[in-house]
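# need a 3D model of the sequence below.
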Amino acid sequence: MTTTPALSFADAVPLEADALHRLLQAWFRAEGSDDPAAIRARFDDGFNMVSPAGKVLPFAQFSAGLPAMRGSRPTLIMEISEVVVRYQDEKTAVVTYRERQIQDSGTTDRLSTALLIKRDDRPTPVWRHLQETWITP
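A predicted model of the protein is given here:
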């Protein structure tokens, strides 16, 4: 049996925005596992998100809301593009990306900036901070 080696932090960082959003899309659509642990493991306990509307959402609030969000958007499609690593060292990275959300109610676009960190107890880069900004047509 062969195993695939884990990606280095440097190699995993530019892939992480899409990887996390695949998990979130499945969660919102009620696809796959109904255990939120895989999503929670992608975030640092000190995580904060600033929504496009300016609301600050700490990890505890995000985590507590996950069960209610499962299946809440069954037609959601999330597309990640324009991923750029703006800064990276051995344990931190700043990434920007464009996120498009498509569902029955319409399409929204946002530009996001994320701070990802390396934690030795996690196999993937961990989200520490996320700032989202609406992109208006």
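
# might you list the low-confidence residue ranges for this structure?
1-5 (pLDDT under 70).

# all strands for it, in order.
Listed in chain order, the strands found in the chain under DSSP state E are 43-50, 56-58, 77-88, 92-103, 106-117, 126-134.

# parallel or antiparallel, which strands does the second one pair with?
This means strand 56-58. Here strand 56-58 has these sheet partners by DSSP bridges: strand 43-50 (antiparallel).

# so the strand it pairs with versus strand 126-134, what angle?
Here the directions of strand 43-50 and strand 126-134 differ by 20 degrees (axes from the mean of the first three to the mean of the last three Cα atoms, to 10 degrees).

# what's strand 43-50 in contact with?
56-59, 62-63, 117, 119, 126-132 (Cβ atoms under 8 Å, 6 or more residues apart in numbering). To be clear about C-beta, it is placed using only N, CA and C from the backbone, and glycine gets the same treatment.

# swap in stretch 10-22?
Residues contacting stretch 10-22 (Cβ under 8 Å, 6+ apart): 7, 39, 42, 78, 80, 83, 85, 88, 93, 95, 97, 99, 112, 114, 116, 124-125, 127.

# quick one: buried residues of that stretch?
Going by neighbour count (16 or more other Cβ atoms under 10 Å), the buried part of stretch 10-22 is Ala12, Val13, Pro14, Glu16, Ala17, Leu20, His21.

# and the fifth one, how far from Gly106?
What it means is Ala17. 22 Å (Cβ to Cβ, to the nearest Å).

# and what of the first one?
Computed with Cβ to Cβ, the distance linking Ala12 and Gly106 is 32 Å.

# the third one too?
Using Cβ to Cβ, we find Pro14 at a distance of 29 Å from Gly106.

# report the distance from stretch 89-98 to the chain centre.
Stretch 89-98 has its C-alpha centroid displaced from the chain centroid by 12 Å (Cα atoms, centre = their mean, to the nearest Å).

# report the buried residues of it.
Going by 16+ other Cβ under 10 Å, stretch 89-98 has these buried residues: Ala93, Val95, Tyr97, Arg98.

# adding distance to Pro137, write these out as TSV.
As requested, those are exported to TSV (distance: Cβ to Cβ, whole Å):
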residue	distance to Pro137
Ala93	30
Val95	24
Tyr97	19
Arg98	14
